[in-house]
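Engineer: Show me how the following folds:
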Amino acid sequence: MKCRFLSILLVWAGLLSSANVFALTREERMSARNELRIGWGDMLYERAMYRNSNSTNHYRYTGHIFAEYQYYLRPWFSLGVQADYEQVWWDVIREGIQPLPTPSKDHSFYNACLMPAIRFTYCHKPYINLYSALMLGVGVNGGTETDMYGRTLAWTPAWGFTLLGIKAGGKHCFAAVEIGALNAIAGRNFIYMLGSRMFSASIGCNF
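Structural biologist: Model (predicted):
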């Protein structure tokens with residue numbers, strides 16, 4: 001996971017270097033109103049949730065994989081939609097403190113979200129753009145496990161925010177890093193994400 005995140009950061013740094021570290025000005029932004037990007041984010045919430053488990057081990061995480069489209073109505077304001085996906089796999093190797101003769105493999109759960117998003121870009125500098133964003137939509141949780149109602153698939157409200165986004169690049173290509181959170185909660189007993197994807201990195205294009 002650390003190597004994957006490091007690779008993303010290296011791509012981000014290389015893109016900035018090749019693009020002469022030049023962010024869009026207000027005038028250039030309105031000549032390229034469409035933005036499309038893909039990115040990856042952490043799963044710190046999920047890692048913390050499973051770290052102290054007494055019955056399972058060997059967790060594998062995809063991280064948050066997301067894609068987003070934005071259309072700029074003003075240099076400082078845009079509307080769009082974001083799709084996000086994460087998954088965890090694990091093997092059950094013991095029951096309580098007793099090892100199982102044969103590990104039970106390929107247990108998993110996933111969260112998939114589709115959320116309309118609004119973004120506010122409040123700083124246009126020659127070398128950098130700063131922005132914040134809000135998202136609200138719907139999520140679906142599924143996998144091999146059942147909940148208290150016997151369901152393996154459940155729908156839930158999903159929402160998130162970008163507290164701080166930093167974006168830089170050329171007129172047509174850019175890279176960005178963000179600090180924020182994603183949440184998916186359908187009740188006290190159904191907390192699928194809470195403060196997940198705190199850190200993320202992405203690359204994209206303007207057209």
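
Engineer: So which bits of stretch 186-195 are buried?
Structural biologist: A186, Y192, M193 (16 or more other CB atoms under 10 Å). Glycine gets a C-beta too; all of them are placed from N, C-alpha and C.

Engineer: Tell me if I'm right that the first one and T156 touch.
Structural biologist: Okay, so that is A186. Yes - at 3.9 Å, A186 counts as touching T156 under the criterion of CB atoms under 8 Å.

Engineer: residues bridging contact with these two, i.e. touching both?
Structural biologist: Common neighbours of A186 and T156, using CB atoms under 8 Å, 6 or more residues apart in numbering, are Y192.

Engineer: Beta-bridge partners for R74, please?
Structural biologist: F77 (DSSP bridges).

Engineer: Count the residues that sit near it.
Structural biologist: 12 (other CB atoms under 10 Å).

Engineer: Check which strands are paired with the helix or strand hosting L182 and give the direction for each one.
Structural biologist: L182 belongs to strand 173-185 when assigned by DSSP states H and E. Sheet pairing of strand 173-185 (DSSP bridges) gives strand 153-169 (antiparallel), strand 191-196 (antiparallel), strand 199-206 (antiparallel).

Engineer: right, and those - which one's nearest C123?
Structural biologist: In terms of CB to CB, the element of the strands paired with strand 173-185 nearest to C123 is strand 153-169, at 9.4 Å.

Engineer: I'd like the average pLDDT over the longest strand anywhere in the chain.
Structural biologist: Longest strand in the chain by number of residues (criterion: DSSP state E): strand 98-125. Mean per-residue pLDDT for strand 98-125: 84.

Engineer: Run the angle between that strand and strand 191-196 for me.
Structural biologist: 50 degrees (axes from the mean of the first three to the mean of the last three CA atoms, to 10 degrees).
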